[in-house]
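J.: Give me a model of this one.
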Amino acid sequence: MTLSRRRFLAISAVGSALPVAALGQSVHHWRGVTLGADASITLAHPDAPRIVAMARAEIARLEDVFSLHTPGSALNRLNATGRLIAPAPELLECLSHCATLYRATDGMFDPTVQPLWVLYARHFAGTTNAALPDRPALKVALEQVGFDKIRLNPNELGLRPGMALSLNGIAQGLIADKVAALLRAQGLTDVLVNTGEFAALGRAPDGQAWQISLRSGDDLLPDRVALQDAALASSAAQGISFDGEGRVGHILNPITGLPAPKRWKLVTVTAPQAWLADGLSTAFCLMNRNQIAQTLQAFPQAKIERLIG
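T.: Alright, predicted model coming up:
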C-alpha cells in the first residue's frame, strides 16, 4: 500500500492570560511521534509543560480506544472477539456519530468497511496486479459490511462473525475535538490542533483567523482557508492507494465494494466539529455534486470549502 498524504499532529496555542504577541516569548516546544506520525506542540502559557503533558496523555488515551495500530486498543479487542463489554464512553460517542453519518449519507459512510479494506490490502500485497478483487471475493466481504448489523448498547458492543470496524474516517477528527476541548478547559482561548484534521479555537498569534494551507496531490494550493472557532478536514480518494501505481484508492464504497471513482482530487469540508468535517469529507469522495448537496441539507453548519476534480 502506498502512502502519499502523511498525517501528523501539531498543536499551536496561546494562553488566555497572555496577549497574542507573547507567542515567541517563553514558548514551550515539544516534538515527537503520536498517532503513528510526526507530532509537535507549540504552547505559550505560564504552565505550558504541565498542559503539554496533559495533551500528550489525552492523545495516548484516545489512541488506546480508536487505533487499529495499537494492539490492545478497544477497537482491536472488539474486532478480534466480536464483543466488547463496558465500552469506553469515547467509543460509544464515536459510534453514535457514525450512526448519524451513516443515516445522512445513505450508507456511504460506514465504519464496518474494514473487511473490504483487508480484502483489498491482501489482494494487492506484493503484486503489481492492476485487477480488482473478483466478484465472489467482493460478495463475501460485502456480506460482512453494514452498520445496521452492529449491536450497540451502552454496556456491550457486538459484531457478527467476520465483521470488523475501522474508525479512520472519523477518529482523527474526534481526537482533534477532544484535545481542543482539553486545552480550552485549561484556559486556552487561541488554539489550532492538527491531527491531519483541524480544530481551531480563537485566532492565530497575529490576531487573524488561523490560515490553513491545502494540498491537492503534491501541489500546494495558492489560496488558504481562514478558520476560526471551527474545524476543517480534507480527503482524497487517491491520497492512499492499495497498488504501487496509485490507481486503486483507499476509500471504498460500502455498498458496491468498489474504490471511490477518480472524480475528486480533493474534498475539503468545514464544520463546527472536526469529527463531522472528517466523516463528511470521507463520504463525499464517493458522491457526485447532487448527492453532496443533498447530504449537506442535514448539516446546515457544514460547508464545502474545496471540491477539486
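
J.: which residues of this structure fall in helices?
T.: Ranges of helices within the chain are 48-66, 74-81, 89-104, 114-124, 135-142, 171-185, 274-284, 289-296, based on DSSP state H.

J.: which of these is buried the deepest?
T.: Among the helices of the chain, helix 274-284 has the highest mean neighbour count (mean count of other CB atoms under 10 Å), at a mean of 30. Any C-beta I mention is one placed from the backbone N, CA and C, and that applies to glycine too.

J.: residues making contact with that one?
T.: Residues external to helix 274-284 that are found in contact with it (CB atoms under 8 Å, 6 or more residues apart in numbering): 94, 97-98, 101, 105, 108-109, 169-174, 176-177, 180, 193, 195, 197-199, 231-235, 251, 264, 267-271, 292, 295-296, 299, 302, 304, 307.

J.: for stretch 56-66, same thing?
T.: Under the contact criterion CB under 8 Å, 6+ apart, stretch 56-66 has outside partners 9, 30, 32, 34-35, 39, 41, 70, 72-75, 88, 90-91, 94, 167, 171, 174-175, 178-179, 182.

J.: Against Pro254, how distant is the closest residue to Ser213 other than its chain neighbours?
T.: Closest residue in space to Ser213, ignoring its immediate chain neighbours: Arg224 at 5.4 Å, by CB to CB, 6 or more residues apart in numbering. As defined by CB to CB, to the nearest Å, Arg224 lies at a distance of 33 Å from Pro254.

J.: Between those two, point out the one with more neighbours.
T.: Neighbour comparison, Arg224 and Pro254: the larger count goes to Pro254, with 22 against 13 (by other CB atoms under 10 Å).

J.: wait, what's in contact with the more buried one?
T.: Pro254 is in contact with 107-108, 110, 112-113, 116, 142, 145-146, counting by CB under 8 Å, 6+ apart.

J.: farthest-separated two in those residues?
T.: Met108 and Leu142 (14.1 Å; CB to CB).

J.: quick one: the residue nearest to Ser213 and Gln211 touch, right?
T.: Yes: contact status for Arg224 versus Gln211: in contact at 4.4 Å, counting by CB atoms under 8 Å.

J.: So which of the helices of the chain is nearest Ile150?
T.: Closest approach to Ile150 among those is made by helix 89-104 (7.4 Å; CB to CB).

J.: Grab the nearest non-local neighbour of Gly32.
T.: Sequence neighbours aside, Ala39 is the residue nearest to Gly32 in space, at 5.3 Å (criterion: CB to CB, 6+ apart).

J.: and that neighbour, how many neighbours?
T.: Counted with other CB under 10 Å, the neighbours of Ala39 add up to 21.

J.: ok, it touching Ala55?
T.: No: here Ala39 does not reach Ala55: they are 9.9 Å apart, not a contact under CB under 8 Å.
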